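1. please work out how this folds:
(one chain, ligands or ions: 1)
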Amino acid sequence: MSFNWSDLLTWQSVANVLDIVVVWYFIYKLIMLVRGTKAVQLLKGIAVVILIKLVSWAFDLRTVSYIVDQVINWGVIALVVIFQPEIRRGLEHIGRGSLFARSGQKKVAQQKQLVNSLDKAIQYMSKRRIGALITIQMNTGLEDYIETGIPLDADISGELLINIFIPNTPLHDGAVIIRDNRIAVAAAYLPLSESNMIPKELGTRHRAAVGISEVTDALTIVVSEETGGVTITKNNELMRDLTRDDYLKYLNTQLVVPEEVDQKLNPVQRFIEGFRHAGTQNRGGKKK
Ligand SMILES: Nc1ncnc2c1ncn2[C@@H]1O[C@H](COP(=O)(O)OP(=O)(O)OP(=O)(O)O)[C@@H](O)[C@H]1O
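-> Residues are numbered from 1 along each chain as shown. Predicted coordinates:
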């Protein structure tokens with residue numbers, strides 16, 4: 001019997017491939033969204049329940065299957081109740097467009113203020129060789145690292161950043177983490193990179209900056225205590241000895257999102273943005 005390649009191109013097989021690609025894309029996006037947050041545990045729990053359901057199907061274990069069905073039915077309701085604030089805010093966000101352009105303008109102003117404050121602090125600390133480690137949350141949640149620090153939930157200013165890193169003060173050791181244009185915590189512990197590509201002369205502060213860039217998409221700024229040099233890490237990339245022009249250019253492209261781009265988010269992205277924002281606001285104890 002000869003194999004006919006055209007059999008592979010039936011509508012059904014194309015639909016199957018499309019089906020798998022869509023599901024994988026969805027799972028990938030979900031993993032990217034919850035990486036570094038408590039929701040990872042939740043996803044693991046859901047994966048275990050699905051696994052038990054599949055096993056009970058395969059071996060025809062009726063009682064187990066019945067119990068898992070009950071868990072799934074009630075679990076969905078429990079999830080909706082637990083995440084009610086996030087879901088509500090996500091849905092509210094979907095309807096937002098040009099009508100809410102003013103909130104977009106406010107956001108850009110806050111992002112520019114963030115870059116200005118960082119610049120002020122970097123300049124001051126670099127000249128005086130004050131060591132600093134500042135991590136800015138991007139899309140991946142940093143909950144697990146935020147939990148290791150001392151909560152501040154403070155407005156960002158160059159002066160406050162400088163004050164935090166003054167040597168021999170209680171908050172100076174460890175990293176400052178910035179989330180949603182606020183200083184979430186100081187003295188946080190970041191994961192140390194095991195990479196042997198990091199130059200030998202760099203110590204643990206730089207290793208921690210590379211470490212967090214390996215497991216999240218956060219942007220981290222290091223000011224070296226030894227040399228005053230400025231380093232930025234992001235997505236496993238280490239950019240050393242940056243001049244003021246270099247780092248300002250980089251920070252502006254990474255942290256200041258043009259208003260038009262913000263307004264162009266599709267409904268799904270808008271929902272996710274609202275969902276994430278509600279989560280972080282609730283944890284920070286402030287609600288609009
Ligand atoms: N895992 C970590 N998470 C957060 N901060 C850390 C971590 N490890 C070290 N640090 C910070 O780095 C400081 C030690 O820096 P060290 O001198 O080893 O690093 P370095 O990369 O050589 O930087 P520098 O050039 O500033 O000396 C610690 O006092 C602490 O504040």
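2. show me the strands in this protein, by range?
-> Applying DSSP state E to the chain gives strands spanning 132-136, 150-155, 175-179, 182-188, 219-223, 230-234, 237-239.
3. how many neighbours does residue 146 have?
-> By other C-beta atoms under 10 Å, the residues close to residue 146 number 22. Placement of C-beta: from N, CA and C, glycine included.
4. that one and residue 187 touch, don't they?
-> No - Residue 146 lies out of contact with residue 187 (C-beta atoms under 8 Å); the separation is 11.2 Å.
5. residue 117: what's it in contact with?
-> Residue 117 makes contact with 156-158, 161, according to C-beta atoms under 8 Å, 6 or more residues apart in numbering.
6. residue 235: how many residues sit nearby?
-> If we define neighbours as other C-beta under 10 Å, then residue 235 has 11 of them.
7. apologies, that question was intended for residue 206.
-> Neighbours around residue 206, by other C-beta under 10 Å: 23.
8. quick check: it vs the ligand, distance?
-> From residue 206 over to the ligand the distance is 4 Å, taken as C-beta to the nearest ligand atom, to the nearest Å.
9. wait, that residue sits on residue 198?
-> Yes - in this structure residue 206 lies within contact range of residue 198 using C-beta under 8 Å: 6.7 Å.
10. now do the shared contacts for the two.
-> Joint contacts of residue 206 and residue 198 (C-beta under 8 Å, 6+ apart) are residue 238.
11. in the chain, which residue is closest to the centre?
-> Geometric centre of the chain, nearest residue: residue 140, 1.7 Å, by C-alpha atoms, centre = their mean.
12. mind checking how far residue 256 is from the ligand?
-> Distance of residue 256 to the ligand, computed by C-beta to the nearest ligand atom: 26 Å.
13. I meant to write residue 115 there.
-> 22 Å.
14. surely that residue touches residue 257?
-> No - with contact defined as C-beta under 8 Å, residue 115 does not reach residue 257; the gap is 11.7 Å.
15. burial count for the closest residue to the ligand within the stretch 151-288 of the chain?
-> Residue nearest to the ligand within the stretch 151-288 of the chain (C-beta to the nearest ligand atom): residue 203, separated by 2.4 Å. Residue 203 is flanked by 13 other residues according to other C-beta under 10 Å.
16. adding distance to the ligand as columns, could you present the strands of the chain in CSV?
-> Formatted as CSV, the strands of the chain follow (distance: least, C-beta to the nearest ligand atom, whole Å):
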stretch, distance to the ligand
strand 132-136, 5
strand 150-155, 12
strand 175-179, 4
strand 182-188, 6
strand 219-223, 7
strand 230-234, 9
strand 237-239, 11
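17. can you redo those strands as a markdown table with distance to residue 83 and mean neighbour count?
-> Formatted as a markdown table, the strands of the chain follow (distance: least, C-beta to C-beta, whole Å; neighbours: other C-beta atoms under 10 Å):
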| stretch | distance to residue 83 | mean neighbour count |
| --- | --- | --- |
| strand 132-136 | 25 | 24 |
| strand 150-155 | 22 | 14 |
| strand 175-179 | 19 | 26 |
| strand 182-188 | 21 | 22 |
| strand 219-223 | 28 | 25 |
| strand 230-234 | 29 | 22 |
| strand 237-239 | 34 | 14 |
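18. of all these, which lies closest to residue 61?
-> strand 175-179 (44.6 Å; C-beta to C-beta).
19. for that closest one, the distance to its chain's centre please.
-> Centroid separation between strand 175-179 and its chain, computed with C-alpha atoms, centre = their mean, to the nearest Å, is 12 Å.
20. what is the neighbour count of residue 107?
-> 16.
21. sorry, back to before: so residue 115 and residue 257 - more neighbours on which side?
-> Higher neighbour count among residue 115 and residue 257: residue 115, with 18 against 14, using other C-beta under 10 Å.
22. contacts only, for that one.
-> Residues near residue 115 by C-beta under 8 Å, 6+ apart: 248, 251-252, 255-256.
23. show me which of the residues you listed is closest to residue 80.
-> Residue 80 lies nearest to residue 255 out of the contacts of residue 115, by C-beta to C-beta, at 34.1 Å.
24. which positions in the stretch 1-150 of the chain make contact with the ligand?
-> 131, 133 (C-beta under 6 Å from any ligand atom).
25. which stretches of the stretch 1-150 of the chain have low pLDDT?
-> Scanning the stretch 1-150 of the chain for pLDDT under 70 picks out 1-8, 33-39, 85-86, 89-90, 92-105.
26. in it, what residue comes closest to the ligand?
-> residue 131 (3.7 Å).
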